[in-house]
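Enquirer: predicted model, plus sequence, below.
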Amino acid sequence: MTALITLTNISKTFLTEEIETRALNDINLVINKGEYIALSGQSGCGKSTLLSLLGLLDAPSNGYYHLADSDVSSLTRDQRANIRCEKIGFVFQSFNLISDLTVFENVMLPLTYQSKKSKTQIESKVNEVLAKVEMSHRKNHFPSQLSGGQQQRVAVARALVNDPSIILADEPTGNLDSQNAEAVLQLFDKLHQGGATICMVTHDPASAKRASRCLEMFDGQLIKDQINTNLTDSKKPAELAVG
């Protein structure tokens, strides 16, 4: 396997009203290309903080973060934003779609910050990812005209449109009923089988079991890191499949 992300002795401390809170404590983690990782643990254990650091939404207080062999742990906010735009796709629990933009416009938004692509290339890419999540027929609709499951599919398409190195999902099924949650998880399964690297925060044990690797946190530390041996062969990445 090829390492995509390497965290070395990562810690994160927050200072509020002269109170010091250590949210992450000496995290060491390697995420390989093509892995589907589920990150679980009790509320307040540091999952969201770790996901924010992985997504370059925040910087560590101590330690080193290498993304694709580049040290990104001490970049400026603008530098982090540039890399985030090019290499990281986000899927949030609350969808975070812009209500007065159509589905097509919402998915296109990340590409508007990149000057490399022409209008034709952008439109082609948006149509490609909408087809991948089976939402092409809704591209001219607004978020309010979609079900929760459809909105999350659009959010996944938006995360995919810049061809990210990794998809970070924070409780992506948390606001969905069981039927729509299953549809979104099946989409993640399909993306993983296609080679996508995914890290998903989840409270749901059944969702975590779909990942190829399960991490568990407690009080800002990783306390479990294991390969999921219960996957069916069709869901295993090639490196993990039993031959």
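Expert: Nice, I can see it. Residues are numbered from 1 along each chain as shown.
Enquirer: next SSE after the longest helix seen in the chain?
Expert: Secondary structure of the chain per DSSP state H: the longest helix is helix 178-193. Next helix or strand after helix 178-193 toward the C-terminus (DSSP states H and E): strand 198-201.
Enquirer: other SSEs contacting the next helix-or-strand element following that next one?
Expert: As assigned by DSSP H and E, the chain's next helix or strand after strand 198-201 is helix 205-208. Contact partners of helix 205-208 among helices and strands, from 3 or more CB pairs under 8 Å, 6 or more residues apart in numbering; DSSP states H and E: strand 36-41. From N, CA and C alone the C-beta is placed, and that goes for glycine too.
Enquirer: any idea how far Ser118 is from Asn106?
Expert: To Ser118, Asn106 is 20 Å away according to CB to CB, to the nearest Å.
Enquirer: meant to ask about Cys45, not that
Expert: Applying CB to CB to Cys45 and Ser118 gives a distance of 45 Å.
Enquirer: just the helices in the chain please.
Expert: 47-54, 77-87, 103-108, 119-132, 148-160, 178-193, 205-208.
Enquirer: looking at those, which is closest to Phe218?
Expert: helix 47-54 (10.3 Å; CB to CB).
Enquirer: contacts for that closest one?
Expert: By CB atoms under 8 Å, 6 or more residues apart in numbering, the residues outside helix 47-54 that reach it are 5, 7, 10, 12, 23-24, 27, 31, 39-41, 58-60, 65, 88, 166, 168, 170, 199, 201, 217, 220.
Enquirer: picking up where we left off before, redo the helices of the chain as a markdown table? Include distance to Ile19.
Expert: Below are the helices of the chain laid out as a markdown table (distance: least, CB to CB, whole Å):
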| stretch | distance to Ile19 |
| --- | --- |
| helix 47-54 | 16 |
| helix 77-87 | 24 |
| helix 103-108 | 39 |
| helix 119-132 | 44 |
| helix 148-160 | 35 |
| helix 178-193 | 37 |
| helix 205-208 | 32 |
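Enquirer: now, of the contacts of helix 47-54, which are buried?
Expert: 5, 7, 10, 12, 23-24, 27, 31, 39-41, 58-60, 65, 88, 166, 168, 170, 199, 201, 217, 220 (16 or more other CB atoms under 10 Å).
Enquirer: take the residues you listed and keep only those in strands.
Expert: 5, 7, 10, 12, 23-24, 27, 31, 39-41, 65, 88, 166, 168, 170, 199, 201, 217 (DSSP state E).
Enquirer: list the beta-bridge partners for Trp5.
Expert: One thing to correct before we go on: residue 5 is Ile, not Trp. On the basis of DSSP bridges, Ile5 takes part in beta bridges with Ile31, Leu67.
Enquirer: from Leu109, how far off is it?
Expert: 25 Å.
Enquirer: again, but for Thr16
Expert: Distance from Thr16 to Leu109, by CB to CB: 32 Å.
Enquirer: tell me which of those two has more neighbours.
Expert: Leu109 (15 against 7; other CB atoms under 10 Å).
Enquirer: nearest the geometric middle of the chain, what residue?
Expert: By CA atoms, centre = their mean, the chain has its centre lying nearest to Leu168, at 0.9 Å.
Enquirer: could you measure from that residue over to Phe142?
Expert: For Leu168 relative to Phe142 (CB to CB), the value is 26 Å.
Enquirer: same check on Pro60?
Expert: From Pro60 to Phe142 the distance is 38 Å (CB to CB).
Enquirer: Met135 now?
Expert: 13 Å.
Enquirer: which neighbours do the two share?
Expert: Val103.
Enquirer: ok, these two, which is more surrounded?
Expert: It is Met135, of Met135 and Phe142, that has more neighbours when counted by other CB under 10 Å, with 21 against 16.
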